[in-house]
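**Student:** 3D model of this:
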Amino acid sequence: MKHFIIGVTAILFIAGCATTPPSPPETITEVIKREVRRKDLRSGRTIVYLPVVAKGYSQEGVWDSVVATGGNFAIGGVYHQGKSYLGGYGDGKLYSYPPLNLELNNTGEAVLGLTTFKNMVYATSENNNMAGQRTRVFRKNGNWGEVGIEGYAAFFITVWNDNLIVTSTRNLASIDVNISSDGNSFSRMGTFGDWLWVPTVYKGELYILGHGGGPDTQGGSKVVKWNGSAFMPVPALSGTPGVSEWQSAVEHNGYMYLGSGGWTVARGSSMAAVYRFDGANVIKVMDDGNYHEVQALLSSRGNLYASFGHGFKSDEGGSKVYRMTGNSWFESGKFSSPQLYVLLETPQGYIAAGGSQGNLTIFDNATAPKPGISYLGLEKRRVK
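**Tutor:** Numbers count the residues shown, from 1 in each chain. Predicted coordinates:
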């Protein structure tokens, strides 16, 4: 019996596999679609090993440049019905992929916000014609059309309680929060003198993030929350030491995770860091002094992804994506682009869209579950 056990162990060791599927992500080493038979020399019996199959995972850190447009970097994005929609900065272009298609052109300075609402894609445009006093919100219902909000520029967009939420400005001195239940007509929920312009939803409640003061000041981090009739300050997330502005946020495993930074090098000059908020208290959980901003956060399949980059329009350094699994952080990808403002989830994998040396580029990350099976182990059976 001693020799039999050694024989089985040797086979498993040589195969380089484990009988218990490991936690993702793991490298696909081999795909086994047939049984493996070995004859035990001592007993004379044939032992049949069957593959233990599970979803496969590709190697972490391998990100492929899927497509580059030659335009400016991506600054907004959403995934809808098999396509990634990516908004560009500088030329106001909106692309979809695959295949690469220019959906909208010259919408304004930038397509900052993208979301889906009532099975349609919505995009906000930061217009660059203040005299026109026209805020542009685009909607794709077969073809693209526009819905209007009073003002100069529309910034970010999200969905809350089956309502569409859009932040905008009429005068570059204040921010409006607009709400629509049908995606056609909007009413104003509130107006701030501070630059609070990033809407996010946590435990069913609407928060607006940003910084104190005007668009180009360093007034420190600030957050408000809708209480049913008005927006009220959230002291725990306002005036956070070392945070000049909250730039990104996402709900993940019962917490709100926030990224520090800013949309200019000045506001993003402090160390880029990720913070965790439980509704009452906030703590720092990760930072990287090589970067100015946490430009995007994504919660997907039990993991948290964070993209670290440099200031808006900065050409210094590169960018990096970190993954948090459990409470541990791992480097998931490194890029030459100083900005990586968009992290998207698709059914096939994670896609990060960002500027690569001035190009709007989609990077495909292979850490997500892929179709097929991976060779994780062999199950032992005895046959006489």
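
**Student:** ok but L164 is inside a strand, no?
**Tutor:** Yes - judged by DSSP: H, G, I helix; E, B strand; the rest coil, L164 forms part of a strand.

**Student:** and the nearest residue to it once chain neighbours are set aside, what does it touch?
**Tutor:** In space, and not counting its chain neighbours, L164 is closest to S180: 4.5 Å by C-beta to C-beta, 6 or more residues apart in numbering. Any C-beta I mention is one placed from the backbone N, CA and C, and that applies to glycine too. S180 sits next to 147, 163-164, 166, 186-187 when contact means C-beta atoms under 8 Å, 6 or more residues apart in numbering.

**Student:** now K222
**Tutor:** By C-beta under 8 Å, 6+ apart, the residues touching K222 are 194, 196, 209-212, 233, 237-239, 246.

**Student:** Give me the phi and psi angles of A236.
**Tutor:** With angles defined as degrees, to the nearest 10, A236 sits at phi -60, psi -20.

**Student:** Please read the previous query as pertaining to K222.
**Tutor:** phi -150, psi 140.

**Student:** Now do it against W195, distance only.
**Tutor:** 8 Å (C-beta to C-beta, to the nearest Å).

**Student:** Then A306?
**Tutor:** From A306 across to W195, the span is 22 Å (C-beta to C-beta).

**Student:** I'd like the average pLDDT over the helix or strand hosting S96.
**Tutor:** If you go by DSSP states H and E, S96 is part of strand 94-97. Strand 94-97 carries an average pLDDT of 85.

**Student:** tell me which residues of whichever helix or strand comes after that strand are tucked away?
**Tutor:** Note on strand 94-97: by DSSP H and E, the next helix or strand toward the C-terminus is strand 101-104. Going by neighbour count (16 or more other C-beta atoms under 10 Å), the buried part of strand 101-104 is 103-104.

**Student:** In the stretch 151-300 of the chain, where is pLDDT below threshold?
**Tutor:** The stretch 151-300 of the chain contains residues with pLDDT under 70 at 263-270.

**Student:** And the stretch 1-150 of the chain, by the same measure?
**Tutor:** Scanning the stretch 1-150 of the chain for pLDDT under 70 picks out 1-73, 128-134.

**Student:** rewinding a little: report the set of residues contacting both of K222 and W195.
**Tutor:** 210-212.

**Student:** show me what contacts L237?
**Tutor:** 209, 221-223, 246, 258, 277, 282.

**Student:** Throw those into JSON lines and include secondary structure, thanks.
**Tutor:** Output for these, formatted as JSON lines (three-state DSSP):
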{"residue": "L209", "secondary structure": "strand"}
{"residue": "S221", "secondary structure": "strand"}
{"residue": "K222", "secondary structure": "strand"}
{"residue": "V223", "secondary structure": "strand"}
{"residue": "W246", "secondary structure": "strand"}
{"residue": "L258", "secondary structure": "strand"}
{"residue": "F277", "secondary structure": "strand"}
{"residue": "V282", "secondary structure": "strand"}
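
**Student:** which among the residues you listed gets closest to K203?
**Tutor:** Closest approach to K203 among the contacts of L237 (C-beta to C-beta): F277, at 10.5 Å.

**Student:** what's the closest one in contact with, if anything?
**Tutor:** Contact analysis of F277 by C-beta under 8 Å, 6+ apart lists 202, 236-237, 255-258.

**Student:** G92 too?
**Tutor:** The neighbours of G92, taking C-beta under 8 Å, 6+ apart as the test, are 104-111, 125-126, 128.

**Student:** ok, and the most crowded of these?
**Tutor:** Sorting those by how many neighbours each has (other C-beta atoms under 10 Å) puts V111 first, at 30 neighbours.

**Student:** Which strand residues bridge the closest residue to it other than its chain neighbours?
**Tutor:** Among residues not flanking V111 along the chain, G87 sits closest, at 2.6 Å (C-beta to C-beta, 6+ apart). Note on G87: beta-bridge partners by DSSP bridges are G76, L94.

**Student:** Touching, G87 and G108? I think so.
**Tutor:** No - counting by C-beta atoms under 8 Å, G108 is not a contact partner of G87; they are 10.2 Å apart.
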